[in-house]
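J.: A structural model of the following input is requested.
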Amino acid sequence: MKNFIRFMVLLAGVLSAWFFINQFEGKKPEISFDFPLYLNKSWEIILDVSDKGTGLKDIKVSIMQNNKENLLFEKKYPSTLYKGISMGSGIFQDSFKILLELSKYDIIDGQAFLKIYISDYSWAGWKKGNISSLEKKIIIDTKPPKIEILSGTHNITKGGTGLVIYRVFENDIKTGVQVGENFFPGYSGMFKDKNFFAAFFALNYKQGPGTNIFVKAEDMAGNSIKRGFHYYIRDKKFKTDTLNITNSFLARKMPEFNFDSKKEEEFSLAKNPFLQKFIYINSEVRKQNINELIGNISNLENKIMWHGPMLRLPSSANKAGFADYRTYKYKGKTIDSQTHLGIDLASFSRSPVLAANKGKVIKTKNIGIFGNSIILDHGFGLCSIYSHLSEISVEKGRIVEKGEIIGKTGSTGLAGGDHLHFGVSINNVFVNPVEWWDKKWIQDNILLKIENVKMLEND
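T.: As a prediction, this is how the structure comes out:
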């Protein structure tokens, strides 16, 4: 009996010690939140709080500016009681979405501070509890950025390139030109003033008169603005062409393309396996290869690396033009149609291919129907593409000079014979290379604009 009494006394002592240790626990509540530095008229705060000890007691979220504090959110957690003694809230974790609408408070544009306060039910600090608090600086910005168009005449041809130069009046801006559904980033770095931006933009081969074009800008707070400018779009008709697919071409080319066993079996069950494979490659694989070729081009140089017109393949003849609409026939029957997004140039077999202008090698790869390909970045979103090469002589990352040999012509990919497929792109949109071979076009549409804005900058 005495042992039992001793045991009960010991147990009571242990439980009392555990109770008091638990009630006087010193671990602070934890705060996790998602909140940006810049805010506009309204924003949503995502707040996660937790306390692994006695549970959450009080949460306050406020915003302070010019020594004035505005309470945004408050929540108190009632305590559970046992014989009049607080046992904590029993709530150890909670999450909130708090909508901050600045119009409800006396808040103006400029610096402010977001304050978060959390306490728990610990008896530490004379029952004030453990307290976690943080203060985060925020920038209130409710006004959209301003844009001033600096360049003058903007004449663009369907399938061609344009350049607009403009000034923004705010730092850390995401800006560029919207052309239909395509967006072309603007870059600073062309001029001494970092708020002067230049954006090369393009009309694809389908976009003619009536295409909507404007400059837009968005600041760090998400405020945005659109600014129109004067432009004139010249319409252009592109050629049509017919390509006859022969059995000898199919027998020579189709074995070079390999797919998974299920797809190859599907081709093998067709009446003409090679023809079925060609139709699939020419349509579906073409889309994938175009995206692989220029669809993910990013982080381009924000400086002009090129000078003067681009070079053509020496002693070459045009075999196909930009945006030629090609009809593919087999034994007189139409089997497919596609648009050719470059210019095919042919000289003698394995002719040296020259860099059309100074640039940085950003891709060297065998890409399906395009075969061995090179892409050069010339700055501000302008790139040149060289495909069907038999040999690649440069490596990714290298700066090449205008006229430097970078490879040799060939018939890799879906080429029927030895030639160079030469393309030009503006930020993932193919454009007509003929413009970039034309010294007068470059002077009138690119260089003159740059010179005029530099004179304005120096005034």
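
J.: what separates the residue nearest to the spatial centre of the chain from Asn428, distance-wise?
T.: With distances taken as CA atoms, centre = their mean, Ser298 lies nearest the centre of the chain, 7.2 Å away. Remark: distance between Ser298 and Asn428 (CB to CB, to the nearest Å) = 9 Å. From N, CA and C alone the C-beta is placed, and that goes for glycine too.

J.: now Ile450
T.: In this view, Ile450 and Asn428 are 23 Å apart by CB to CB.

J.: More neighbours: these two, which one.
T.: A count of neighbours by other CB atoms under 10 Å puts Asn428 above the other of Ile450 and Asn428, at 20 against 16.

J.: Looks like that one contacts Ile290 (just checking).
T.: No: between Asn428 and Ile290 there is no contact under CB atoms under 8 Å: 9.6 Å.

J.: Count the residues that sit near Thr240.
T.: 10.

J.: what's the closest non-adjacent residue to it?
T.: Setting aside the residues directly before and after it, Thr240 is nearest to Tyr325 in space (CB to CB, 6 or more residues apart in numbering), at 4.7 Å.

J.: hang on, the one you found in a strand?
T.: Yes: counting by DSSP: H, G, I helix; E, B strand; the rest coil, Tyr325 is part of a strand.

J.: isn't it right up against Asp336?
T.: No: using CB under 8 Å, Tyr325 is not in contact with Asp336; the gap is 11.7 Å.

J.: For the two, indicate the residue with more neighbours.
T.: Asp336 (18 against 14).

J.: got the contact list for that one?
T.: Under the criterion of CB atoms under 8 Å, 6 or more residues apart in numbering, the neighbours of Asp336 are Ile279, Asn282, Ser283, Thr327, Tyr328.

J.: so which helix or strand takes in it?
T.: Under the criterion of DSSP states H and E, Asp336 resides in strand 333-340.

J.: Given that strand, what are its sheet partners and their directions?
T.: strand 324-330 (antiparallel) (DSSP bridges).

J.: List the contacts of the partner strand.
T.: Contacts of strand 324-330 (CB under 8 Å, 6+ apart): 238-245, 275, 282, 320, 334-340.

J.: Tell me the buried residues in that strand?
T.: Asp324, Arg326, Tyr328, Tyr330 (16 or more other CB atoms under 10 Å).

J.: One more: stretch 359-379?
T.: 359-364, 367-379.

J.: Filter those down to just the ones in strands.
T.: Per DSSP state E, strands hold the following members of those: 359-364, 367, 371-379.

J.: Between which two of those is the distance greatest?
T.: By the measure CB to CB, Gly371 and Gly379 form the most distant pair in these, at 26.3 Å.

J.: Val49 belongs to a strand, doesn't it?
T.: Yes: judged by three-state DSSP, Val49 forms part of a strand.

J.: so how many other residues sit close to it?
T.: 22.

J.: who's it bridged to?
T.: Ile31, Asp94.

J.: got the contact list for it?
T.: Taking CB under 8 Å, 6+ apart as the definition, contacts of Val49 comprise Pro29, Glu30, Ile31, Ser32, Leu56, Ile59, Gln93, Asp94, Ser95, Phe96, Ile118.

J.: Now restrict these to buried residues only.
T.: Among the contacts of Val49, those buried by neighbour count (16+ other CB under 10 Å) are Pro29, Ile31, Leu56, Ile59, Asp94, Ile118.

J.: Just name the closest of those to Glu404, please.
T.: Out of the buried ones among the contacts of Val49, the member with the shortest distance to Glu404 (by CB to CB) is Ile31, at 57.5 Å.

J.: The closest residue to Pro185 other than its chain neighbours: what's it in contact with?
T.: For Pro185, ignoring the flanking residues on the chain, the nearest one in space by CB to CB, 6+ apart is Gly176 at 4.2 Å. Contacts for Gly176 (CB under 8 Å, 6+ apart) come out as Phe183, Phe184, Pro185, Gly186, Ala199, Phe201, Val215, Lys216.

J.: I'd assumed Gly176 was in a strand, is it?
T.: Yes: according to three-state DSSP, Gly176 belongs to a strand.

J.: For Asn458, see how far away Ala199 is.
T.: 22 Å.

J.: Would you confirm that Val431 contacts Ala202?
T.: Yes: proximity of Val431 to Ala202 meets the contact threshold set by CB under 8 Å, at 4.7 Å.

J.: Now do the shared contacts for those two.
T.: The contact lists of Val431 and Ala202 share Gly160, Thr161, where a contact means CB under 8 Å, 6+ apart.

J.: what about the helices in the protein?
T.: Here the chain has its helices, by DSSP state H, at 2-23, 124-127, 247-253, 261-268, 273-280, 286-290, 433-437, 439-442, 448-458.

J.: Out of the ones you listed, which gets the lowest mean score?
T.: In terms of average pLDDT, helix 2-23 trails the rest of those, at a mean of 49.

J.: In contact with Ile149, which residues?
T.: Contacts of Ile149 by CB under 8 Å, 6+ apart are Val164, Ile165, Tyr166, Val215, Arg227, Phe229.

J.: Okay, and the beta partners of it?
T.: Beta-bridge partners, per DSSP bridges, of Ile149: Tyr166.

J.: going forward, begin numbering at 44 instead of 1
T.: Yes, from this point I'll number from 44; that puts the last item at Ile192.

J.: What separation do you get for it and Leu499?
T.: 12 Å.

J.: ditto for His383
T.: His383 is 40 Å from Leu499, by CB to CB.

J.: When those two are compared, which one has more neighbours?
T.: Between His383 and Leu499, counting by other CB under 10 Å, His383 is the more crowded of the two (21 against 15).

J.: Setting aside sequence neighbours, what's the nearest residue to that one?
T.: Nearest to His383 is Asp367, by CB to CB, 6+ apart, at 4.4 Å.

J.: pLDDT score assigned to Pro187?
T.: Reported pLDDT for Pro187: 92.

J.: Was I right to think Cys400 contacts Val443?
T.: Cys isn't right for residue 400; it's Asn. No: counting by CB under 8 Å, Val443 is not a contact partner of Asn400; they are 9.1 Å apart.

J.: list the residues that contact both of those two?
T.: Leu419.

J.: Sketch out the low-pLDDT regions of the stretch 94-243 of the chain for me.
T.: Applying pLDDT under 70 to the stretch 94-243 of the chain flags residues 124-131, 166-170.
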